[in-house]
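Peer 1: Sequence first, then the predicted structure, then my questions.
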Amino acid sequence: MWVTVAMSYYGLILINTSIMTLINDHKISIEISTNTSNQCKMLTTDDYKSLIFTTFGEMFGIPLLLFFLSHIGRRKICLINFSCTSICFSLFFFISKNNLWLINVITFIARMFINSEFSLMYLYTMEVYPTVIRAMAVGCASSMSRIGAMITPYLAQVLIKKTFNGTIMVYVVATAIAAICAFFLPIETRERELKVRK
């Protein structure tokens, strides 16, 4: 789950910019017949506005998490966050890549849920492990998330140029598997005292 949450978090950011770059490439190839594949792709002012808008989705992730924490257990929150993120990723299959405002809305919602999940992963991991190994457990789990962070540029920037649907499918499947794993988590830590010793 840690690998998936980091892969999805950074993937959403990179997929958004990759879609903008692909749209700009398509416009350039219509206007100019020369090959520009080796040149740096510049984002437009509208692209930056879109990125700022989708980034605001993360600001709503923490209030969303706080609302969930006061009403339902940790495992259910994990299930909801990963399921909603998976649904948001799957919506990319059904919309046109030229419909940028709809892509931005979906990315906004997905970033809200995945940011909420990223914060929850730290909280849940700290609550599960006893004090004597808590710091080591959180550190190891956080280190595992960096594997997902290292994988995602190859997916969201390289593979997406070869197969858009294949790239999105990787994220849909990964977040769906994480949601299933959340459902089967063995320990619910809501209203449970922190363990001091093993």
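Peer 2: Nice, I can see it. Numbers count the residues shown, from 1 in each chain.
Peer 1: number of nearby residues for Thr55?
Peer 2: Neighbourhood size, Thr55 [other Cβ atoms under 10 Å]: 15. (Each C-beta comes from the backbone N, C-alpha and C, glycine too.)
Peer 1: Might one say that it is in contact with Met112?
Peer 2: No - counting by Cβ atoms under 8 Å, Thr55 does not reach Met112; the two are 10.6 Å apart.
Peer 1: what's the average pLDDT for stretch 131-142?
Peer 2: Averaged over stretch 131-142, pLDDT sits at 92.
Peer 1: buried sites along it?
Peer 2: 134, 138, 141 (16 or more other Cβ atoms under 10 Å).
Peer 1: residues contacting Thr125?
Peer 2: Going by Cβ atoms under 8 Å, 6 or more residues apart in numbering, Thr125 touches 137-138, 141.
Peer 1: repeat that with 10 Å
Peer 2: Applying Cβ atoms under 10 Å, 6 or more residues apart in numbering, one finds that Thr125 lies in contact with 1-2, 134, 137-142, 189.
Peer 1: what helix or strand does it sit in?
Peer 2: Using DSSP states H and E, Thr125 maps to helix 100-128.
Peer 1: what comes up buried for that helix?
Peer 2: In helix 100-128, counting by 16+ other Cβ under 10 Å, buried: 100, 103-121, 124-128.
Peer 1: Any idea how many residues pack against Asn98?
Peer 2: 12.
Peer 1: Dihedrals phi and psi, it?
Peer 2: Phi and psi for Asn98, reported as degrees, to the nearest 10, are phi -90, psi -10.
Peer 1: Next one, pLDDT for it please.
Peer 2: Confidence at Asn98, expressed as pLDDT, is 81.
Peer 1: Check Phe82 too.
Peer 2: Value for Phe82, per-residue pLDDT: 97.
Peer 1: you'd agree it is up against Leu185?
Peer 2: No - assessed by Cβ atoms under 10 Å, Phe82 is found out of contact with Leu185, at 11.4 Å.
Peer 1: anything in contact with each of those two?
Peer 2: Common contacts of Phe82 and Leu185, defined by Cβ under 10 Å, 6+ apart, comprise Met1.
Peer 1: and the two? which has more neighbours close in?
Peer 2: Using other Cβ under 10 Å, the more surrounded residue of Phe82 and Leu185 is Phe82, with 27 against 17.
Peer 1: In terms of helices and strands, where is the more buried one?
Peer 2: helix 74-91.
Peer 1: got the CA positions of stretch 62-74 in CSV?
Peer 2: Written as CSV, here are the backbone C-alpha positions of stretch 62-74 (Å, rounded to 0.1, in the frame of the first residue of the first chain):
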residue,chain,number,x,y,z
ILE,A,62,-6.5,16.8,5.0
PRO,A,63,-10.0,18.2,6.0
LEU,A,64,-11.4,15.2,4.2
LEU,A,65,-9.2,12.9,6.3
LEU,A,66,-10.1,14.7,9.5
PHE,A,67,-13.8,14.3,8.7
PHE,A,68,-13.4,10.6,8.0
LEU,A,69,-11.3,10.0,11.1
SER,A,70,-14.1,11.4,13.4
HIS,A,71,-16.7,9.1,11.8
ILE,A,72,-15.2,5.8,10.5
GLY,A,73,-12.3,3.5,11.1
ARG,A,74,-8.9,3.6,9.5
